[in-house]
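# sequence and predicted structure, then a few things I'm wondering about:
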Number of protein chains: 2
Amino acid sequence: MLITSLDNDRIKGYIKLKDRKYRKKEKKFIIEGMHLVLEACKKGIVEELIIEKDVVLPINLPTVYVTNEIIHKISEMESPSNIMALCNMVDEGIIGDKILMLDEIQDPGNLGTIIRSAVAFNVDTIVLSPNTVDLYNPKVIRATQGMMFHINIIVRELQEVIKELKGKEIPIYGTNVNRGMDVRSLHEKDKKKYCLIMGNEGNGVREEILNMCDSYFYIDMNENVESLNVGVATSIILYELNR
Amino acid sequence: MLITSLDNDRIKGYIKLKDRKYRKKEKKFIIEGMHLVLEACKKGIVEELIIEKDVVLPINLPTVYVTNEIIHKISEMESPSNIMALCNMVDEGIIGDKILMLDEIQDPGNLGTIIRSAVAFNVDTIVLSPNTVDLYNPKVIRATQGMMFHINIIVRELQEVIKELKGKEIPIYGTNVNRGMDVRSLHEKDKKKYCLIMGNEGNGVREEILNMCDSYFYIDMNENVESLNVGVATSIILYELNR
């Protein structure tokens, strides 16, 4: 199918997906670029490819060919890719026992980077607080490098989930420079099941949630440095939990 | 001193500093926000404070008071801080023996994050290849959280510096998934002196530079993941080198 008009209803539908509310309602989102499209195909979540006419792609899926002008309207990027796809959101899965909770992370690059590291270090479930930046924000998707398709990601009130985990004897870890233990001194038994909570760039984890933790870690570093980037700090702790 | 006119020569000078070439020529740059200004003051590199009139700041330094309109013209941010400073670039220092080399990193957030981690994990010198994003780009400065003032940062051709280091018996480390060793298996002796080379977001370290390395590392991770964000990967290796 070739579509050349911006007035086409299907194209209007793609463009509406730039809006978080509409993505949530439709349970669909758009991805851009060959690498992401391939990762999404692997997971079987691509509903249709959206490709600039004249581009040949050896993927056997329903395909909508469009003009360069339409590509620019659908895309969120200044130099859009001529390969896109309409994807279906995956249903939330069951919470596992290697869990990362993120409390109100705001920067899309940070969220994407953290998801990528979480998959790398074998986290099985990520729980996002409802105020976290939208998972389907195109900048988040790009920063995950497609890794968001390889992990169970849930949006829920953290307090609620923490209470459930306490019943399952999964230890809840937070970070705290003053009352924590050096993350290098983690024992094997501490790494089997865990829920690590990391928080907002400026403010960290909310006090009421931090108070629900069973233990606290810190990362040993030079005294001139108050803190690391939250993506880096999260990745280093996950690296240790997987070490 | 209170300046209210955008035509004022001093204000024009500040605005020109948005341009990399002009920063380089003048050896000056502007920083924004209380936290950065305090870090720069600690290091004695602030030439004058630039503050919105009516703001009171207990810092005893030459101060230029300006209007909100002027603040907006000087700033690179949508919601600028009303506290800024004109700073002098620091001369490049001597190369130490805990060195991080960055080959053509392009994302300002990544460079800033890496500098922050390098200070945290006791690197003494960072060498940037000439094609790396400008250190004095406001987004880089912000992402360093002022940590760039606490470390010796040099811009030079990497090949040149590597040759000098080989004469000083400083081992040169690169990353390579196929012919590397697990970064967890580093020995104490490998950590005393080192030069770690990390590269561009998309392409990694240039081949000709990678070939000059003495050893290669990789970070053990889930097979679904091809790579980590470069800021994360660099931070984890530096964390291990400081472990």
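Sure thing, it's come through.
# what are the contacting residues of the helix or strand of chain A with the lowest mean pLDDT?
Lowest on mean pLDDT, DSSP states H and E among the helices and strands of chain A sits helix A:188-191, with a mean of 89. Contacts to helix A:188-191, defined as CB atoms under 8 Å, 6 or more residues apart in numbering or on different chains, come from residues A:171, A:215, A:241, A:242, A:243. (Glycine included, C-beta is placed from N, CA and C.)
# just the buried residues of those.
Burial by neighbour count, judged by 16 or more other CB atoms under 10 Å in any protein chain shown, picks out A:171, A:241, A:242 from the contacts of helix A:188-191.
# how close does the residue nearest to the second one when sequence neighbours are not counted sit to chain B?
Right, residue A:241. Counting by CB to CB, 6 or more residues apart in numbering or on different chains, residue A:191 is the residue found nearest to residue A:241 once chain neighbours are left out, at 5.1 Å. Note on residue A:191: its distance to chain B, by CB to the nearest CB, to the nearest Å, is 14 Å.
# what does residue A:36 give?
13 Å.
# which stretches in chain A count as strands?
Secondary structure of chain A (DSSP state E): strands located at A:2-3, A:28-32, A:46-52, A:63-66, A:83-88, A:98-103, A:125-128, A:152-155, A:172-175, A:181-182, A:194-199, A:215-218.
# between the ones you listed, which gets nearest to chain B?
Chain B sits nearest to strand A:181-182 of all the strands of chain A, at 10.4 Å, using CB to the nearest CB.
# ok so, going back, so which of the buried ones among the contacts of helix A:188-191 would you say is closest to chain B?
For these, the nearest to chain B is residue A:242 (7.9 Å; CB to the nearest CB).
# contacts only, for the closest residue to that closest one other than its chain neighbours.
Spatially, and ignoring its direct neighbours in sequence, residue A:242 is nearest to residue A:121 (4.0 Å; CB to CB, 6+ apart). Residue A:121 is in contact with A:235, A:238, A:239, A:241, A:242, B:221, B:222, counting by CB under 8 Å, 6+ apart.
# for chain A, which segments count as helices?
Taking DSSP state H as the test, the helices found in chain A are A:9-16, A:20-26, A:34-42, A:68-74, A:108-120, A:138-144, A:158-167, A:188-191, A:207-210, A:230-241.
# gap between the last one and the chain center?
Its chain's C-alpha centre and that of helix A:230-241 lie 15 Å apart, by CA atoms, centre = their mean, to the nearest Å.
# got the angle between that helix and helix A:108-120?
10 degrees (axes from the mean of the first three to the mean of the last three CA atoms, to 10 degrees).
# now do helix A:230-241: everything it contacts.
For helix A:230-241, the surrounding residues in contact (CB under 8 Å, 6+ apart) are A:98, A:100, A:105, A:109-110, A:113-114, A:117-118, A:120-121, A:123, A:173, A:175, A:183-184, A:186, A:190-191, A:194, A:196, A:198-201, A:217, A:219, A:227-228, B:113, B:116-117, B:219, B:228-229, B:231-232, B:235-236, B:239.
# can you do 6 Å?
Residues from elsewhere that reach helix A:230-241 (CB atoms under 6 Å, 6 or more residues apart in numbering or on different chains): A:110, A:113-114, A:117, A:121, A:183, A:186, A:191, A:194, A:196, A:198, A:201, A:219, B:117, B:232, B:235-236, B:239.
# my guess is residue A:205 meets residue A:103, correct?
Yes. Look at residue A:205 against residue A:103 with CB atoms under 6 Å: they come within range, at 4.7 Å.
# shared neighbours of the two, anything?
Going by CB under 6 Å, 6+ apart, residues that sit against residue A:205 and also against residue A:103 are residue A:199.
# next to chain B, which bits of chain A? Give me the list.
Taking CB under 6 Å from any CB of the partner chain, the part of chain A that reaches chain B is made up of A:109, A:113, A:117, A:119-120, A:122, A:150, A:221-222, A:224-225, A:228-229, A:232, A:235-236, A:239.
# and those residues, which are buried?
Listed as buried from the residues of chain A next to chain B are A:109, A:113, A:117, A:119-120, A:150, A:221, A:225, A:228-229, A:232, A:235-236, A:239; burial here means 16+ other CB under 10 Å.
# quick one: average pLDDT of stretch A:192-211?
Average pLDDT, stretch A:192-211: 94.
# residues in contact with it?
Stretch A:192-211 has contacts (CB under 6 Å, 6+ apart) with A:97, A:99-104, A:106-107, A:158, A:165, A:170-174, A:230, A:234, A:237, A:241.
# between the two ends of that stretch, how far is it?
Terminal residues of stretch A:192-211 are spaced 22 Å apart (CA to CA, to the nearest Å).
# can I see the domain layout of chain A?
Following automatic domain parsing, one finds the domains of chain A at A:2-88, A:98-241.
# among those domains, which is the most enclosed?
Among the domains of chain A, ranked by average contacts under mean count of other CB atoms under 10 Å in any protein chain shown, first place goes to domain A:98-241 (a mean of 19).
# ends of that one, how far apart?
Terminal residues of domain A:98-241 are spaced 9 Å apart (CA to CA).
# repeat for stretch A:28-43
The first-to-last residue distance of stretch A:28-43 comes to 15 Å (CA to CA).
# rewinding a little: adding pLDDT, write the contacts of residue A:121 out as TSV.
Compiled in TSV, the contacts of residue A:121 are given as follows (pLDDT from 0 to 100):
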residue	pLDDT
A:235	98
A:238	98
A:239	98
A:241	97
A:242	96
B:221	95
B:222	96
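# tell me how far the ends of stretch A:225-236 are from each other?
Stretch A:225-236 stretches 16 Å from its first residue to its last (CA to CA).
# partners of the residue nearest to residue A:62 when sequence neighbours are not counted in the sheet?
Among residues not flanking residue A:62 along the chain, residue A:48 sits closest, at 4.3 Å (CB to CB, 6+ apart). Going by DSSP bridges, residue A:48 is paired in beta bridges with residue A:86.
# that concludes my questions; thank you for your assistance.
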